[in-house]
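> sequence and predicted structure below; questions after.
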Amino acid sequence: MNLDILNIISDRLNENIQVSNFNFHFGRYPRKFFLSNFICDKEDKVILCSHAIDEAILKSLNILPANLLVALTNDLNPSVSAYNVHKAKCRSVFHIKLYITINRSKNINLVIGSANLTTRAFDFNYESLCSLLITENSANEVKNIACQAIKSLFILNPLVAQSITDYIPSWIALESDGNCSKHCSMIYIDNLKESLWQQIVNFADKEFINYAIAISPVYDNEGSTLTDYLNSSTISTKCISQNDFGDNSIFFHPKVYLFQSAKHTLVFIGSPNNSIHSFFSFGKEIAENGIIFKTKRIFFKNLPF
């Protein structure tokens, strides 16, 4: 498979996700995207969650120890010992990718996607990322993205609350019960309390999903994928993985999932691989996250499969 279909999907994502201050990266070299959308000045405060973190990447993003409120990761890298980095509380694998800056005006810049904070991800991999600039004047459903993302950190490590509470903007309603209505066009989800798949189905709001595309690496210790599950459930599903990508010199690492229903297309951009374990486990067994956007159904029309 050549890159045509991936380029078409990337273009349609940018055309159909109608959210102010939203940007999407689908391709190689996430470093440029980060430098454009994850701006860190000397007075900004930063919160990071990544499966792996390299000191070289923190420096390239101009993140100094004084900027970093807290970082959570799966395995502590000795190179980041000068930073406030902690191991996340997970029974198995911490796989969340969540990057937040809070600037002096109390605006929040949030990046979510597939890329870890490593040189390999930034300079060699094919990745997927989205960014949102969130302010006090943003729509409630957009502000709720930041709210739910920050609340998830308290679950992952209680020390986080002590590190970041004083810096959270007052317009972030941490006391709110949960995500916005199913009628929202976007929500943040993780699997700390409920599986990703159950939340995707809930967000579809009784609309039957009849077609899906999974763009992701395929590996699972049990050998069972989300694609297998959907196909067995009579949901026709196409998977685009490393073998389809056609260039084994580049590690194909994006995680984008498209679900078509009678009225909408749901676009899920996040951290989980195409595996049953990632989409159906919950309760900090393997920690995953992402954002779901609800777009027009026409998204799938005339894709060149």
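Noted; the coordinates are in hand. Numbering: from 1, shown residues only.

> give me the neighbour count for residue 60.
Applying other C-beta atoms under 10 Å, we find 16 residues neighbouring residue 60. All C-beta spots, glycine's among them, are computed from the backbone N, C-alpha and C.

> show me the domain layout of the chain.
18-167, 186-297 (automatic domain parsing).

> could you point out which element follows the lowest-mean-pLDDT helix or strand in the chain?
Least confident helix or strand, the chain: helix 159-164 with a mean of 74, by mean pLDDT, DSSP states H and E. Helices and strands here follow DSSP states H and E; after helix 159-164, the next one along the chain is strand 186-190.

> the helix or strand following that next one: which residues count as buried?
Proceeding N to C from strand 186-190, the next assigned helix or strand is helix 196-204, under DSSP H and E. Across helix 196-204, burial judged by 16 or more other C-beta atoms under 10 Å covers 196-197, 199-201, 203-204.

> ok so, going back, mind saving the C-alpha coords of the least confident helix or strand of the chain as CSV?
Once non-C-alpha atoms are left out, helix 159-164 reads as follows in CSV (Å, rounded to 0.1, in the frame of the first residue of the first chain):
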residue,chain,number,x,y,z
LEU,A,159,1.4,12.8,44.4
VAL,A,160,0.3,14.6,41.3
ALA,A,161,-2.5,16.4,43.1
GLN,A,162,0.1,17.9,45.5
SER,A,163,2.3,19.1,42.5
ILE,A,164,-0.3,20.7,40.2
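
> straight-line length of stretch 77-94, end to end?
14 Å (C-alpha to C-alpha, to the nearest Å).

> do the same with stretch 103-113
For stretch 103-113, the separation between the terminal residues is 21 Å (C-alpha to C-alpha).

> thinking again about what came up before, for the least confident helix or strand of the chain, packing partners?
strand 45-50, strand 68-73, helix 140-156 (3 or more C-beta pairs under 8 Å, 6 or more residues apart in numbering; DSSP states H and E).

> which residues outside it are in contact with it?
Helix 159-164 is contacted by residues 45, 47, 69-70, 72, 84, 86, 150, 153-154 when judged by C-beta atoms under 8 Å, 6 or more residues apart in numbering.
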